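Colleague: I'd like to go over a predicted model; first the sequence, then the structure.
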Amino acid sequence: MTAHTDGPFRVLPGRRDGESLLIDVASADPVYVPRSSLPDVSVGNRIDGDLEWTGDEPTLEAATVQTATRFRFRRTAEPIFEAASTCFETARATGDAMNSRVTYDTDRNPNGIVYTFADQSGTRDLFSEFEDGTKPLEPLVARAAENADPPFSVWILDPDEPFVAVYIVLDPGGVLDRTMRDTYG
């Protein structure tokens, strides 16, 4: 008998060579598929498709991109932007492990949402947990979509700071996203 799972799914890089990680948007269940089954899909895209299991390995059937949101995972030695530092310092001052704030362009229009997550003691690596779906990004993206229309450009940054930053840029073709690409590549 063939098992069947309907999307939508969020595409993540995961930790396996040659494979992409699909996270079921509703249940957050992870599944790896060969990267070759997603030739025109980028990390962060939300896709609709069907997973079919005829054995131990799933195959992805009829995948189409629903939203072209892109996720960029970067460990960086570049200085972190001021909004992220301020967001983290506010969290630290109140004893919180996480904080968020909306950022604005020069005309005072919202252009992004930055989240900071304090580094965890011990062996936890929050950056890797975001990358492999252990710590879900979907609720943050869904919250941004309540007040803005996707697609977004999402930057997951692990700077030389005591926190990980997730920056949801609301206009992937705008000035802010170009600045992020120029700075963090």
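Modeller: Thanks, I have it.

Colleague: and the lengthiest helix in the chain, what does it pack onto?
Modeller: The longest helix of the chain (DSSP state H) is helix 82-94. Helix 82-94 sits against strand 98-104, strand 110-118, strand 163-169, with contacts defined as 3 or more Cβ pairs under 8 Å, 6 or more residues apart in numbering; DSSP states H and E. The C-beta positions use only the backbone N, C-alpha and C, and glycine is treated the same way.

Colleague: contacting residues around whatever helix or strand comes next after the second one?
Modeller: Spelled out, it's strand 110-118. Sequence-wise, the next helix or strand downstream of strand 110-118 (DSSP states H and E) is helix 126-131. Contact with helix 126-131 is made by 12-15, 73, 75, 117, 119-120, 134-135, 137, 156, 158, 164, 166, as judged by Cβ atoms under 8 Å, 6 or more residues apart in numbering.

Colleague: Next, the angle strand 163-169 makes with the next helix or strand after helix 126-131.
Modeller: For helix 126-131, the succeeding helix or strand toward the C-terminus, using DSSP H and E, is helix 138-145. On the basis of axes from the mean of the first three to the mean of the last three Cα atoms, to 10 degrees, helix 138-145 is oriented at 40 degrees to strand 163-169.

Colleague: how about helix 138-145: buried residues?
Modeller: For helix 138-145, the neighbour count (16 or more other Cβ atoms under 10 Å) marks 140-141, 144-145 as buried.
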